[in-house]
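J.: just need the structure, nothing else, for what follows:
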Amino acid sequence: MTQTYFTPERIRWLHNKQVGIIMSPAFLVIECREIWKGSYFSRTGWSTHAPKDASPLWIGKNFRKALLSSEYFNKPGEPFLDGEEVDAMSKASNARRLAFWEEVASTYGYKKREQAGSCCDMVFAEWHYLVDDFVILTPSKRTTGGHFAWPSNTKQHKEKVMHVPLSVSDEDLGLAVQEALSRCEVPKRQTVNMLGRQST
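T.: Just a heads-up that it's a prediction; the model follows:
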């Protein structure tokens, strides 16, 4: 079954680059990810932040830079990765993640790192770079347990997910990111991202 499942075509499709886009009442974060058996804060990729009202051009330029610098280390078809290598990666990834979020908290006036990420909208970005020329932007629903995407067979998924050609300009890419953020949902009244909600 494994040999049939991991066809050359599927292995090519599984290769992907990932970015997390996070918006709070004060800031916007673009977080580069690296992929092993899961997704980790990138040790070497481009992650950055700006005030919430960053321009579409800034968003698009930095989002593209983060996406291109994301790396895929997984080995489809192999049940295990090298444990020591994964452990070393995880420790380095976590250290960089904590340092990055300490900087975010300090820059935008939060007393603790944990407070910076307590009230945010989030979009998951994924690019199957060996087979596709577009990036998939998936808005999320915020709950007390974190951020979750809608299952792919639901109406909400079809309405909210965006497929954006990477051939568009940086500004248009930034506008697409803003639109994806505006499609995020929260349990109560939306207060973080009001783009597209001004007339409602």
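
J.: please make it C-alpha for all contacts and neighbour counts, starting now.
T.: Will do.

J.: V29 is in what secondary structure piece?
T.: Element membership for V29 (DSSP states H and E) is strand 27-35.

J.: and after that strand, which helix or strand comes next?
T.: strand 39-41.

J.: centre of the chain to stretch 73-84, how far?
T.: Mean-position distance between stretch 73-84 and its chain equals 22 Å (CA atoms, centre = their mean, to the nearest Å).

J.: tell me the mean pLDDT over it?
T.: The predicted model assigns stretch 73-84 a mean pLDDT of 84.

J.: show me how far stretch 119-129 is from its chain's centre.
T.: Its chain's C-alpha centre and that of stretch 119-129 lie 3 Å apart, by CA atoms, centre = their mean.

J.: which residues touch the strand holding V29?
T.: Residues outside strand 27-35 that contact it (CA atoms under 8 Å, 6 or more residues apart in numbering): 16-23, 39-43, 45-54, 62-63, 66-67, 69-74, 108.

J.: mind listing what's buried in that strand?
T.: F27, L28, V29, I30, E31, C32, R33, E34, I35 (16 or more other CA atoms under 10 Å).

J.: likewise for stretch 85-102?
T.: Of the residues in stretch 85-102, M89, S90, S93, R96, R97, F100, W101, E102 count as buried by neighbour count, 16+ other CA under 10 Å.

J.: could you dump those into TSV and include secondary structure?
T.: Shown next, in TSV, are those (DSSP: H, G, I helix; E, B strand; the rest coil):
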residue	secondary structure
M89	helix
S90	helix
S93	helix
R96	helix
R97	helix
F100	helix
W101	helix
E102	helix
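
J.: which strand residues bridge F124?
T.: G20, T138 (DSSP bridges).

J.: how about it, what does it touch?
T.: Q18, V19, G20, I21, L137, T138, P139, S140.

J.: and which of these is nearest Q115?
T.: Proximity of the contacts of F124 to Q115, judged by CA to CA, is greatest for I21, which lies at 17.1 Å.

J.: helices of the protein, residue ranges please.
T.: For the chain, the helices defined by DSSP state H occupy 2-5, 8-14, 56-69, 83-107, 113-116, 155-160, 170-182.

J.: quick one, the longest one and strand 27-35 angle?
T.: An angle of 170 degrees separates the directions of helix 83-107 and strand 27-35 when computed by axes from the mean of the first three to the mean of the last three CA atoms, to 10 degrees.

J.: contact partners of helix 83-107?
T.: Applying CA under 8 Å, 6+ apart, the set of residues contacting helix 83-107 is W36, Y40, F41, S42, R43, H49, K111, K112, R113, Q115, A116.

J.: and the furthest pair within those residues?
T.: Across the contacts of helix 83-107 (CA to CA), the longest gap, 32.7 Å, separates W36 and K111.

J.: and these two? which has more neighbours close in?
T.: Per other CA atoms under 10 Å, whichever of W36 and K111 has more neighbours is W36, with 17 against 11.

J.: that one contacts S70, doesn't it?
T.: No: W36 lies out of contact with S70 (CA atoms under 8 Å); the separation is 11.4 Å.
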